[in-house]
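Engineer: No letters, just coordinates:
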Ligand SMILES: Nc1ncnc2c1ncn2[C@@H]1O[C@H](COP(=O)(O)OP(=O)(O)OP(=O)(O)O)[C@@H](O)[C@H]1O
Ligand SMILES: Nc1ncnc2c1ncn2[C@@H]1O[C@H](COP(=O)(O)OP(=O)(O)OP(=O)(O)O)[C@@H](O)[C@H]1O
Ligand SMILES: [Mg+2]
Ligand SMILES: [Mg+2]
């Protein structure tokens, strides 16, 4: 019995326990409201159902979240991801729309390459502002957040570019092995990022830079390069997400594509247990957070919660998830345990400052 | 860019009219068409245009109007971001003797002397036309007709008014029932995501009413993916009549569009000249608008400008 | 003394952190008008006991009585209000506030709620003058060195009209004169009837000022002794819990043999190296296998010399040659590329990454040098970490806990381990023994000897002159940010001579006698 | 600077490091104004400057509150929504026939209450401010649409007179009452930060929370207090906005938090906390205001170019500030 208890303690103490609980609770609530919510049926050779939708729609958020996780781990933040989604989607759609044969694979590949290339440039811009010039990340990326929307509209000339390209469309709504292609892309990028950070020492070095930049510098880490790198990674992730967002509706809308995705991504990262102060990060947590947020959005639609209350609903869910996840909150409501680890986190969590 | 003037010469001196125009933003293709129309017709009418994009913020528009007053433009025109809250700045314009024209959206000032005229579409009417068409279509229906509605951005004037007009019209037939209504934020992606869930939650949907073409176009994809035939299994009514929407209508994927024309430019320039010349003009000028059925769309499509 | 009532009684205090039992049924008494030394090895629980007392940590069991009344402070604010004033182990002030404010924040002189800045500055100046510190109190605290910050923290604590004054390793970054200044004030306060808890690893200081000693070991109470009944050696035995051979080396005051090292090309040759506003250009050579000690008063610029040689600050004057070849040390990376390692004095801000585990902190520099694409295999990491956790007796010996949960001294050892595994050719140690207990200190000193015997060059900076004298082949004396002279550390050199050199700024032949 | 002898300039130039960012902002603001005057007709009118204040009064008030929060190292994303919520509530209560005085009181209570709740969650449960205030932002915006889906006009005579009262000189230049309120808030804010314990605790908290705790400062109270102050400033800002627009609209002040944060940071306050001044924030707000004025005066920019230009100006600005900062170090 005591081992069962210990195992329970270990499970419930895991940082992802509460997000999982919230996710399950949302799914259950949906199923109660509409028993068919969880059913997944076969239609035209692919799976069809709300769960599949959630996965497909969460794919861009997962992508942006992955990049955002790395940025946040270095103690930064990237507000410009939404604009970058719009830009990469816009340039890709623009290129395709100019092709004589929009279904030609070659043209689509060039379009994707253009989008990624532009993302690289924009990521490098952000990275340079933060790591070379030393501007605070939130402000450095605010510049592109504002100007980026303008750039996207400049590319589309304010119009919505509609395209009719099957290969491009498949990025957003195509299917592979009965599942949406977008899921595979997101999973692929997630695996890649995980491998690059955890199979190499990059992850630890990022955490070290985020935990204490000066100490990392003195340990011989090229902090500036690492910081630069994470903004580039974030931009590329956002770029790919931009393809999905635009492919989903076969059109590029410079104004609406990826709107507010930065807030959702930051939320996903935090729900996933990565501290905004930098340091330790969890990619799986971010993915879970993204799924939770998408499920929340879908729930609002599926339960037909009125637009007036949907924001209130979102506020309540966000705060509950963050509350139950917070160690301090749990400590305060778990007094029955004999040894409650209270203050130490309170004392040591504050970022250490570097004297001038 | 317009700092071309070599000295501090007042551009108004050359007898050219100056119009200060404050646009809502560039949030949709419709809006861009509207902006282009105004810019082009200003050029054609030989009116100097001071253009400002408020990026969806009322504060920015008020700032712009105040600056136009300082610059002593001849006429001020703007598309208000929201309906209320203009009295103060309009009064300042009035005191400075600058006439104001509203375009596209109205303001709710009690004092109608604060602006010369309002030129634009009637959103309520658009909703009403859509509803009336549906009532007419379903005259013969015996059972209930299930309608889902894709609303525009919550709280925006077009969304409120179109909903209102549509609701009033369909009240004529008790069989017509809105079974679900959710905001799609006027975007294709929003329309699609919401429609996907509508389809899953409601086995029988007969009609979709979308507050603009874009949401309708997004919903199209969701309907197709669900294995239904848009235009047949589910009838689609939208508002705006932008090019993509008209194409869908011509292809029979949409069933009805109530037009909301962005091409206000020529009419506006005309008014500017009249106002400056001191002519009296009506308080309310409606843009020339129509409705489209698939056949009409096919006919109109080749000559459409936007 | 037993006839009097203790002002503070802590009974059966227990405190656990996840995985560590930091305090286990500890009793502690404190009488008015005494200086009570709290002794123990790194991680014995001294700082934890103090934090429990002042309410930073809540305790799991036990009671605290202040002047006969049971108390349980919710935090330092309440403790201060009840007359318990504390200087915590790590300098805990706000670098972004002025010196004056750091002293008075929370107790600012006010009229009608408005702070009287002038009055505050005046009082701050007066107070610091008592500690013989004459600095601009309107400057931000962060612009001063750690030692000055430490003095400011002390000034803040003694200005509070306290019944109990707690000083957790206040002297670790002070030099001899500063310490004497502090002691003078402590005695004065003691005579006024204030009870003082004093934590330090300097045994001489304990015997110089304390009246009684309480010894902790591994979170347990070993005993409470009047100073007269506990000779130095016995104290160390009590702290360590056994008789160790390191104690011999501790007693052995003779300095190491100075071998003739200066032959062949030096490992490092700095010529007129300097940086404006930091150090006057200096020249220094270090040979392989040589230990060069840097001696000087607080703020004399020793840290700056170290930082220049490591590229942590960029020199704007002079040049450096390594193995006889010119090698501009523009960044830490460049220095590391030349096998130079640097243990900085401020481990919290410039050394460790608190959130990362002990293991990750230890391998950090080595990993950085390899580049992120070539991770050190996990097995190799474990081997290396294991070896140094044992060699430096880092406790708790769990390499996977976050390093911020380690006690101050153990953190210092982790930092040292980080650089030792990179097997540098020149090791720069800035105050490596600060905050380290006797046992570990002797270990580190032995290590320095071993390393230099093995051919490593060491630049050794320490506030303890004895230590410098014991270890160095050559002593460079700093004064006013200037390297004034170099002394070959032969039998003629002793502490007095070095002190005289520091004092006069020149090295007179006549001084040797 | 290069020609004057070094010895003479030395002392003059030895401006304490902490004032450098603010001075950099001030210099650049003046440069921008100079550019405007030289390029555009009527830019030199005094009223143009007054208009910048009139149009940004509420922003200024909110920014003062945000300065407090950012000085502690926190952030408050809820301000824009709270401003809108306050305006909505006032409008709807006035529409319901409540007397203006009562409406003022209620409106001024709601913002601080929400701030208090957010502060408590941040402090007691140690959840990051970004998240808590993001939830607060959703909540307040949700309340707006909950109150009414469409905008509510205000016809109350008191409100109208507050909105349209012109305080000016004979030559026709004027400011609104909002500007006076904003100035009062700025002065109070500056005083509190510089001359009260609360203010100094705010700085200490931003410098190093752990130290502040160990120095025995009321960390929890201070932390909660800044969110209450920010809530109060947002509430005042909301009321000023409702004076300004004489209405409450559910979608007003969307994205205002970003403008406010940008203003505070441009004003030299460091986002990690501990360093900055209310005066800097005033300059930051003015910078944003002047940028907008420059763009309208130009009046030839395409919609998307406006955004690009604002982004570009922001960049140029931050870059210059940064360069000047480095130079003077
Ligand atoms: N916040 C914390 N979380 C977890 N463990 C902690 C924490 N603080 C201290 N410990 C552990 O408690 C034990 C006692 O630490 P403490 O800081 O009291 O030692 P100390 O006697 O002051 O040592 P030193 O002389 O090195 O400063 C150590 O094992 C340490 O790792
Ligand atoms: N008594 C003092 N009065 C004024 N400033 C001082 C004093 N002592 C030190 N400083 C300041 O300390 C700084 C130099 O300290 P530095 O760290 O170089 O010295 P150090 O020799 O390494 O001393 P430490 O023993 O602290 O390591 C300078 O900024 C100097 O202004
Ligand atoms: Mg300690
Ligand atoms: Mg030093």
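Structural biologist: That came through, no problem. Keep in mind that what you see is a predicted model, and the values were worked out from it rather than measured. Numbering: from 1, shown residues only, chains lettered A, B, ... in the order given. Ligands and ions are numbered 1, 2, ... in the order given.

Engineer: In space, not sequence, find me the middle residue of chain B.
Structural biologist: Relative to the mean C-alpha position of chain B, the nearest C-alpha, by CA atoms, centre = their mean, is the one of residue B:260, at 5.6 Å.

Engineer: confidence score at it?
Structural biologist: Note on residue B:260: pLDDT of 89.

Engineer: Kindly report the same for residue D:12.
Structural biologist: pLDDT, read off for residue D:12, is 45.

Engineer: how about the strands in the stretch 1-150 of chain B?
Structural biologist: Taking DSSP state E, counting those that start in this stretch as the test, the strands found in the stretch 1-150 of chain B are B:17-23, B:47-53, B:75-78, B:100-103, B:117-120, B:145-151.

Engineer: which one of those is the most hemmed in?
Structural biologist: Counting by mean count of other CB atoms under 10 Å in any protein chain shown, strand B:75-78 has the highest mean neighbour count of these, with a mean of 27. Just so you know, the C-beta spots here come from the backbone N, C-alpha and C atoms, and that holds for glycine as well.

Engineer: is chain D contacted by that strand?
Structural biologist: No - Strand B:75-78 does not reach chain D (CB under 8 Å from any CB of the partner chain); its nearest approach is 11.5 Å.

Engineer: Could I get the contacting residues of the residue of the stretch 151-300 of chain A found nearest chain D?
Structural biologist: For the stretch 151-300 of chain A and chain D, the shortest gap (CB to the nearest CB) falls at residue A:153, measuring 3.6 Å. By CB atoms under 8 Å, 6 or more residues apart in numbering or on different chains, the contact set of residue A:153 is A:254-255, B:26, D:303-304, D:307.

Engineer: Would you agree residue B:135 is in contact with residue B:174?
Structural biologist: No - with contact defined as CB atoms under 8 Å, residue B:135 does not count as touching residue B:174 (10.9 Å).

Engineer: Which of the helices and strands in chain D ranks last by mean pLDDT?
Structural biologist: Here the helix or strand of chain D ranked lowest by mean pLDDT, DSSP states H and E is helix D:6-13, holding a mean of 38.

Engineer: what about residue 29, which helix or strand?
Structural biologist: Since no chain was named, I'll use chain A. Taking DSSP states H and E as the criterion, residue A:29 maps to helix A:17-33.

Engineer: wait, I meant chain C there
Structural biologist: strand C:20-30.

Engineer: Isn't residue B:244 up against residue B:217?
Structural biologist: Yes - using CB under 8 Å, residue B:244 is in contact with residue B:217, at 5.8 Å.

Engineer: higher neighbour count, these two?
Structural biologist: Set residue B:244 next to residue B:217 and count neighbours by other CB atoms under 10 Å in any protein chain shown: residue B:217 wins out with 28 against 22.

Engineer: check contacts around whichever residue of the stretch 201-306 of chain B sits closest to ligand 1.
Structural biologist: Closest to ligand 1 within the stretch 201-306 of chain B is residue B:201: 50.3 Å, counting by CB to the nearest ligand atom. Contacts for residue B:201 (CB under 8 Å, 6+ apart) come out as A:34, A:302, A:304, B:180.

Engineer: Which of the three states applies to the last one?
Structural biologist: Of the three states, residue B:180 takes strand according to DSSP: H, G, I helix; E, B strand; the rest coil.

Engineer: So it is in contact with residue B:151, correct?
Structural biologist: No - the pair residue B:180 and residue B:151 fails to qualify as a contact (CB under 8 Å) at a distance of 10.6 Å.

Engineer: State the pLDDT value of the closest residue to residue A:271 other than its chain neighbours.
Structural biologist: Distance criterion CB to CB, 6 or more residues apart in numbering or on different chains; nearest residue to residue A:271, sequence neighbours excluded, is residue A:289 at 3.6 Å. Note on residue A:289: pLDDT of 92.

Engineer: same deal with residue C:1?
Structural biologist: 47.

Engineer: how far away is residue C:453 from residue C:401?
Structural biologist: For residue C:453, the distance to residue C:401 equals 34 Å [CB to CB, to the nearest Å].

Engineer: got it, and residue D:175?
Structural biologist: According to CB to CB, residue D:175 stands 61 Å off from residue C:401.

Engineer: Just say helix, strand or coil for the residue most central in space within chain C.
Structural biologist: Central residue of chain C (CA atoms, centre = their mean): residue C:434, 2.8 Å from the mean position. Three-state call for residue C:434 (three-state DSSP): coil.

Engineer: The residue nearest to it when sequence neighbours are not counted is in what secondary structure piece?
Structural biologist: Excluding the flanking residues, the one nearest residue C:434 by CB to CB, 6+ apart is residue C:172, at 4.6 Å. Assigned by DSSP H and E, residue C:172 belongs to neither a helix nor a strand.

Engineer: got a list of what residue C:172 touches?
Structural biologist: Contacts of residue C:172 by CB under 8 Å, 6+ apart are C:150, C:200-201, C:434-435.

Engineer: Could you pull up phi and psi at it?
Structural biologist: Phi and psi for residue C:172, reported as degrees, to the nearest 10, are phi -60, psi -30.

Engineer: So it versus residue D:276, what's the distance?
Structural biologist: 33 Å.

Engineer: returning to what we had before: tell me which residues in the strand holding residue C:29 are buried?
Structural biologist: For strand C:20-30, the buried set under the neighbour-count rule, 16 or more other CB atoms under 10 Å in any protein chain shown, comprises C:20-24, C:26, C:28-30.

Engineer: for chain B, what are the nearby residues on the stretch 201-329 of chain D?
Structural biologist: Proximity of the stretch 201-329 of chain D to chain B, by CB under 8 Å from any CB, involves residues D:241, D:244-255, D:289, D:292-293, D:295-304, D:306-307.

Engineer: Mind checking which of these land in strands?
Structural biologist: Applying DSSP state E to those, the entries found in strands are D:247-248.

Engineer: Noted, bye for now.
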